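J.: Turn this into a structure:
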Amino acid sequence: MKALVSLFSLASLAVAAPAAAEVIHVDVNNVSYSPAKISAHTGDTVEWNNKDFVAHTATARDKDWDINLPPHGKESVVLKKSGHIDYYCKYHPNMKGEIEVK
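T.: Just a heads-up that it's a prediction; the model follows:
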C-alpha cells in the first residue's frame, strides 16, 4: 500500500502545472498606446493605464470588447481566445494597437 501511495505521489508530480496567467500593462500617453504591439496568451489580462488628461478607449475591431479609459484611469480585459486582435481609440482613431494571442 505504501508503495502505491508513493507511486501515486510521483505521478502527481510528473503532471505539469498550467502556466500562470500574466498581467500585461499598456500605457496610454500622448495620444498613443505604449507598447502598441504586444504578445499574450489566452487567460492573460491586458491592463490599460490612461496617463493622459483626456478620455480614450481600447476598442477591439472585431467588437469583442470596448474598454472606456477615463482620464488617469485604468481598465482591463481578460483575453479569452487566440488570434490577432487589432484595437483602436474611438475618440482618436489614429491610436492603434495590436495583440497577438497564443
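
J.: what's the burial count for the closest residue in space to Ser32 that isn't next to it in sequence?
T.: Excluding the flanking residues, the one nearest Ser32 by Cβ to Cβ, 6 or more residues apart in numbering is Met95, at 5.9 Å. Every C-beta, even on glycine, is put in place using the N, C-alpha and C of the backbone. Other residues lying near Met95 total 19 when counted by other Cβ atoms under 10 Å.

J.: any idea how far Met95 lies from Lys81?
T.: 23 Å (Cβ to Cβ, to the nearest Å).

J.: residues contacting the residue nearest to Ser32?
T.: Residues counted as contacts of Met95 (Cβ atoms under 8 Å, 6 or more residues apart in numbering) are 28, 31-33, 56, 88-89.

J.: among the residues you listed, which are in strands?
T.: Of the contacts of Met95, the ones assigned to strands by DSSP state E are 28, 33, 56, 88.

J.: filter the contacts of Met95 to the buried ones?
T.: 28, 32-33, 56, 88-89 (16 or more other Cβ atoms under 10 Å).

J.: okay, the residues you listed in a markdown table with pLDDT and distance to Asn49 next?
T.: Shown next, in a markdown table, are those (pLDDT from 0 to 100; distance: Cβ to Cβ, whole Å):
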| residue | pLDDT | distance to Asn49 |
| --- | --- | --- |
| Val28 | 98 | 7 |
| Ser32 | 97 | 13 |
| Tyr33 | 98 | 10 |
| His56 | 98 | 11 |
| Tyr88 | 98 | 17 |
| Cys89 | 98 | 14 |
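
J.: what ranges of the protein fall below the confidence cut-off?
T.: For the chain, applying pLDDT under 70 flags the ranges 1-19.

J.: Nearest residue to the middle of it?
T.: Geometric centre of the chain, nearest residue: Val46, 2.6 Å, by Cα atoms, centre = their mean.

J.: tell me which residues in the helix or strand it falls within are buried?
T.: For Val46, the element it lies in under DSSP states H and E is strand 45-50. Going by neighbour count (16+ other Cβ under 10 Å), the buried part of strand 45-50 is 46, 48-50.

J.: by contact count, what packs against it?
T.: strand 23-28, strand 56-60, strand 66-69, strand 74-78 (3 or more Cβ pairs under 8 Å, 6 or more residues apart in numbering; DSSP states H and E).
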